[in-house]
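Novice: Got a predicted structure here, sequence first:
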Amino acid sequence: ETGVTQTPRHLVMGMTNKKSLKCEQHLGHNAMYWYKQSAKKPLELMFVYNFKEQTENNSVPSRFSPECPNSSHLFLHLHTLQPEDSALYLCASSQANLPGLAADEQYFGPGTRLTVT
Amino acid sequence: QQQVKQSPQSLIVQKGGISIINCAYENTAFDYFPWYQQFPGKGPALLIAIRPDVSEKKEGRFTISFNKSAKQFSLHIMDSQPGDSATYFCAASGYQLIWGAGTKLIIKP
């Protein structure tokens, strides 16, 4: 596997379900991100991890819970979601993402298309 | 002040024509301006990027024009091809990327 991989690619879940999205990067990067992509809207940054530590949480509802066990893996745990949470969830990675450092290219996975029924 | 405004929302161009997508920002502290290209079923991928010390950057058929005083930058795709049909996102950054809403580009053969 190369680049950034995400599983599953598609997920349909009921509002009472619990599920998890998985992301793995094979690029040796130290920063990983979760984004939400909705049609005709800017990408919404949800969480950022640097060296396994969460450095950004953009006021994301607690029904989304990230986990970063190491620099290569990132999870997004989902529970009691709402229909408006249906979207494409993208994972990305970069060398690092810290104040004072110049922004770096982000490498994206193909996303998980989530539908909440 | 953290917004990046992108236009148009969608664009149809004939094969061989020039595609132009525009973005405007407000935060003068931004110092990195990338463009990402996204094909259906894929995540965005970096296409070309510019820093504000230059007014233009060209890579093949793709050119970024940057106007620091107007706080605007644009992507020009010369000799547009059907394979360029995709969604294009501009972004601006200090260290955190602020994204535009995207432009869906269709190149008609």
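Specialist: Looks like it arrived, so ask away.
Novice: Least confident secondary structure element in chain B?
Specialist: strand B:97-99 (a mean of 92; mean pLDDT, DSSP states H and E).
Novice: dump the residue contacts of the residue nearest to A:E84 when sequence neighbours are not counted.
Specialist: Counting by CB to CB, 6 or more residues apart in numbering or on different chains, A:V116 is the residue found nearest to A:E84 once chain neighbours are left out, at 8.0 Å. For every residue, glycine as well, the C-beta is placed using N, CA and C. For A:V116, the contacting residues are A:13-15, A:81-86, by CB atoms under 8 Å, 6 or more residues apart in numbering or on different chains.
Novice: and what of B:V4?
Specialist: With contact taken as CB under 8 Å, 6+ apart, B:V4 is in contact with A:42, B:23-25, B:90-92, B:98-100.
Novice: in the sheet, who's paired with it?
Specialist: On the basis of DSSP bridges, B:V4 is bridged to B:Y25.
Novice: Geometric centre of chain A: which residue is closest?
Specialist: Central residue of chain A (CA atoms, centre = their mean): A:W34, 2.3 Å from the mean position.
Novice: Tell me what that one is bridged to.
Specialist: Where A:W34 sits in a bridge, its partners, by DSSP bridges, are A:F47, A:C91.
Novice: do the same with A:A87
Specialist: A:L114.
Novice: low pLDDT regions in chain A?
Specialist: A:1, A:102 (pLDDT under 70).
Novice: For chain A, what is the nearest residue in chain B?
Specialist: Here the residue of chain B nearest chain A is B:G43; by CB to the nearest CB that distance is 2.9 Å.
Novice: Just give me the neighbour total for that residue.
Specialist: By the criterion of other CB atoms under 10 Å in any protein chain shown, B:G43 has 22 neighbours.
Novice: Assign it to helix, strand or coil.
Specialist: Judged by DSSP: H, G, I helix; E, B strand; the rest coil, the three-state class of B:G43 is coil.
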